[in-house]
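Colleague: structure for this input, please:
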Amino acid sequence: MKRLIASLAIGAAASALMASGAFAADSGTIAKAVGGYTFEDAAKESPDTKNFHSKDGKLTFAIVTHTAGNGFFDPVYVGAKVAADAFGINLVMLGSEAPVDDIPREIEILNQIIQDPTIDGLILTTPQVGAYNDIVKKMLDQGVPVATTNSFDPSLYMRDFISHTGQSASAAAIGGAALAKCVLDKGLKGSIIFPSQTTAGNVEVNTRVTAAFEAAVKALNDAGKLSDFNVDAGEQKIGIPVNDQDIAGSLVTYIESRGDVVGIFGPNGAVTPAIVDAITQTKKENQICTFGYDLGPKQLEGIKSGALTGSLGQQPFIQGFWPVVQLYLQIDRGVSAANVDTRAQLVTKDNVGSIGKRFEN
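Modeller: Here you go, the predicted model:
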């Protein structure tokens, strides 16, 4: 009886849809929405969209990052440009020129941007917790939507109403586990170090170190081999410090002074390329298990040469593409903030040949 009632209900619904012209029964194609409007009309941009905020007949979005000088954010800008071109948006691409995190410079640029009356939407990275609230508040008070990308500040002003596109820092656990597997598979014993820019104040990077460290320790402990290793991520488990002005030199010093380094994990796009340089300088290719973050040219080169065992990609193309789309949807459709997790992509010699062919990584 229940099946009969369900069948009758489905049949009645289908009859109602056919009667309304929502779809053609003979072809299965949908002719118009159940609400009565056509999809062609609904898909058109609002006539008010191009005159949003600046009222100059075009949308202008700015994207600002905290380090545009090391290549990581190149595909972020490419992704943003692809989306901007698709929706007819003028894109202003800005960022700290430094190859390492330069948050003061990013904030300096942002403070200039928020004074610009032509900006209709702002995309920014937020690596330093609490540093961007005044900037975000000013933009929102002016009616300009904001989206964050790459680095996540959980305490950001109006956080729940602002979309974020990026990778959870906990994804670094994949790298930590892979590092542990590598040293175990090679039958190594000794020190595993987690160098980082501990003075940069980047909470996202700090969390990556902690996640990778804990995953490595767990994997080694589960294998009953933890006592064979000195796993060092510093007292606070956010990394052992490096010299920002010579990261590779710091790593060479660690390798040479300790004498038993068998594993290294770098948590960002500044430390990881330096690992490649340090391993190359000390001629330790394929001898030390080395993992890191991001997939710039130096990382890909290092994976191919054996100076880097593997690196975690963040799929940064999406970190540029989606925030532009999200801001456009907020303006044109009133769509609420929608977060996107770009997840982790472990790249090793086995799959490095498929990476970066279309500027994605």
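Colleague: endpoint to endpoint, stretch 86-98 covers what distance?
Modeller: The first and final residues of stretch 86-98 sit 30 Å from each other (CA to CA, to the nearest Å).
Colleague: that one - what's its average pLDDT?
Modeller: Taken as a whole, stretch 86-98 carries a mean pLDDT of 96.
Colleague: can you list contacts of that stretch?
Modeller: With CB atoms under 8 Å, 6 or more residues apart in numbering as the test, stretch 86-98 has contacts from 50, 58-69, 73, 77, 80-81, 83-84, 102-103, 105-106, 109, 113, 119, 324-325, 328. Glycine gets a C-beta too; all of them are placed from N, C-alpha and C.
Colleague: SS state for residue 164?
Modeller: When classified by DSSP: H, G, I helix; E, B strand; the rest coil, residue 164 comes out as strand.
Colleague: who does it form a beta bridge with?
Modeller: According to DSSP bridges, the residues that bridge with residue 164 are residue 148.
Colleague: that one against residue 342, yeah?
Modeller: No. Contact criterion CB atoms under 8 Å: residue 164 and residue 342 do not qualify, at 10.4 Å.
Colleague: give me the more crowded residue out of these two.
Modeller: residue 164 (24 against 21; other CB atoms under 10 Å).
Colleague: ok, now how distant is that one from residue 355?
Modeller: 25 Å (CB to CB, to the nearest Å).
Colleague: and the contacts of stretch 86-98, which of them are buried?
Modeller: Buried by 16 or more other CB atoms under 10 Å: 50, 59-68, 73, 77, 80-81, 83-84, 102-103, 105-106, 109, 113, 119, 324-325, 328, out of those.
Colleague: run through the strands of the stretch 101-250 of the chain in chain order.
Modeller: 121-124, 146-149, 163-166, 190-193, 195-196, 229-232, 240-241 (DSSP state E, counting those that start in this stretch).
Colleague: given the first one, what are its sheet partners and their directions?
Modeller: Same thing as strand 121-124. Next to strand 121-124 in the sheet, as set by DSSP bridges, lie strand 59-65 (parallel), strand 146-149 (parallel).
Colleague: what's in contact with it?
Modeller: Against strand 121-124 from outside (CB under 8 Å, 6+ apart): 59-65, 80, 106, 110, 113-114, 132, 135, 139, 144-149, 323-324, 327-328, 330-331.
Colleague: what does the nearest residue to residue 168 once chain neighbours are set aside show for phi and psi?
Modeller: Of all residues not flanking residue 168 in the chain, residue 341 sits nearest, at 6.0 Å (CB to CB, 6 or more residues apart in numbering). Recorded main-chain torsions at residue 341 are phi -90, psi 120, according to degrees, to the nearest 10.
Colleague: report the beta-bridge partners for residue 341.
Modeller: What pairs with residue 341, by the bridge criterion (DSSP bridges), is residue 166.
Colleague: what about it, distance to residue 239?
Modeller: For residue 341, the distance to residue 239 (CB to CB) stands at 24 Å.
Colleague: which of those two has more neighbours?
Modeller: Using other CB under 10 Å, the more surrounded residue of residue 341 and residue 239 is residue 239, with 28 against 13.
Colleague: if I look at that one, how far off is residue 255?
Modeller: 16 Å.
Colleague: do the same with residue 245
Modeller: Residue 245 is 18 Å from residue 255, by CB to CB.
Colleague: more neighbours: these two, which one.
Modeller: Higher neighbour count among residue 245 and residue 255: residue 255, with 21 against 8, using other CB under 10 Å.
Colleague: the more buried one against residue 261, yeah?
Modeller: Yes. Between residue 255 and residue 261 there is a contact under CB under 8 Å: 5.0 Å.
Colleague: which residues are in contact with each of those two?
Modeller: Both residue 255 and residue 261 are in contact with residue 288, where contact means CB under 8 Å, 6+ apart.
Colleague: for the helix or strand encompassing residue 347, which strands pair with it and how are they oriented?
Modeller: For residue 347, the enclosing helix or strand under DSSP states H and E is strand 345-348. Strand pairing for strand 345-348, using DSSP bridges, gives strand 310-313 (antiparallel).
Colleague: name the residues that touch the partner strand?
Modeller: Residues contacting strand 310-313 (CB under 8 Å, 6+ apart): 171-172, 174-175, 178, 272, 291-295, 299, 302-303, 344-348, 355, 361.
Colleague: ok, then the element right after that strand?
Modeller: Next along from strand 310-313, by DSSP H and E: helix 316-333.
Colleague: tell me what that next one is packed against?
Modeller: Where contact means 3 or more CB pairs under 8 Å, 6 or more residues apart in numbering; DSSP states H and E, helix 316-333 is packed against strand 59-65, helix 74-86, strand 89-95, strand 121-124, strand 146-149, strand 163-166.
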